[in-house]
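Peer 1: Need the 3D shape of this:
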Amino acid sequence: MKYSVLEVCADCVQSAVNADNAGADRIELCSNLVIGGVTPGMALFKLVKKYTDIKVRVLLRPRYGDYCYNAYEFEQLKEEVQMYRELGADGVVMGILRPDGRLDVERMSELKRLAGNMDTALHRAFDACINPMETMEQAISLGMKTILTGGQCGSAWDGREMLKELYEKSAGRIEILAAGGINVKVMDKLIPLTGITSYHMSGKIEVDSIMTYRKAGSSMGLPERDEYALWQTSEEKVKKAVQVLKNVSIK
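Peer 2: Model (predicted):
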């Protein structure tokens with residue numbers, strides 16, 4: 001069988017448990033998935049490790065927005081790498097760009113050094129870089145294990161041609177982990193088109209809050225979001241994706 005990976009992005013314990021039960025290979029643990037994910041807290045990490053047996057990589061993103069960080073944010077990233085290494089994370093998912101859109105190799109090298117033996121992945125900062133092929137070669141030179149990417153598009157399907165090129169030019173030197181709108185239908189099309197068999201999905205569904213009293217006009221979050229409609233990873237969606245990858249074989 002061809003090597004395959006299904007990674008699930010989860011921002012709560014229940015989603016991590018659902019992904020584990022469904023047979024996912026690993027979790028990318030974050031908080032606030034509604035804004036694309038930021039660094040999770042220590043308590044969340046400890047509880048996910050307590051209630052699951054799945055591999056956990058931790059997203060390191062100090063804030064919402066671009067990937068060009070000031071000195072304080074870089075110091076925070078260094079502290080977080082060390083903290084999650086000491087806590088026993090399997091890996092960290094990180095990325096820093098320079099103002100000109102190139103990978104900040106110097107700072108990334110420092111984070112890689114601090115990560116020690118943990119897996120290191122370049123997150124979707126890759127999709128905002130100016131030269132994806134150069135950035136891929138830099139990530140390989142740094143010894144990173146994975147690039148998480150939608151092919152420089154919001155969705156993997158829209159970025160399918162770039163994903164195919166990245167997979168071919170990577171030549172097995174780094175894992176190309178396709179992300180953005182991943183579901184069974186998209187995977188069925190991308191696998192034969194790109195050759196990629198590593199996928200990243202949230203598998204999210206909306207779950208109604210258990211609140212019976214609902215105060216109108218009290219929202220303190222994103223104005224377009226219903227605070228009583230919660231996101232959670234669907235065990236069924238992950239199971240279906242796992243089955244797709246089980247059926248992948250070398251032609």
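
Peer 1: SS state for Ala16?
Peer 2: Here Ala16 takes the helix state, with states given by DSSP: H, G, I helix; E, B strand; the rest coil.

Peer 1: mind checking how far it is from Asn70?
Peer 2: Distance, Ala16 to Asn70, using Cβ to Cβ, to the nearest Å: 31 Å. C-beta here means a position set from N, CA and C on the backbone, and glycine is covered the same way.

Peer 1: Between these two, tell me which one has more neighbours.
Peer 2: Counted by other Cβ atoms under 10 Å, Ala16 and Asn70 do not tie: Ala16 has more neighbours, with 25 against 9.

Peer 1: From Gly203, how far off is the more buried one?
Peer 2: Taken as Cβ to Cβ, the span from Ala16 to Gly203 is 12 Å.

Peer 1: same deal with Lys145?
Peer 2: Going from Lys145 to Gly203 by Cβ to Cβ gives 23 Å.

Peer 1: who has more neighbours, those two?
Peer 2: A direct count of neighbours by other Cβ under 10 Å for Lys145 and Gly203 places Gly203 higher, at 26 against 16.

Peer 1: Per-residue pLDDT of the residue lying closest to that one once chain neighbours are set aside, please?
Peer 2: Of all residues not flanking Gly203 in the chain, Lys237 sits nearest, at 3.8 Å (Cβ to Cβ, 6 or more residues apart in numbering). What the model reports for Lys237 is a pLDDT of 97.

Peer 1: Is the residue nearest the centre of the chain in a helix, a strand, or coil?
Peer 2: Centroid-nearest residue in the chain: Glu28, 5.1 Å away (criterion: Cα atoms, centre = their mean). Under three-state DSSP, Glu28 falls in the strand class.
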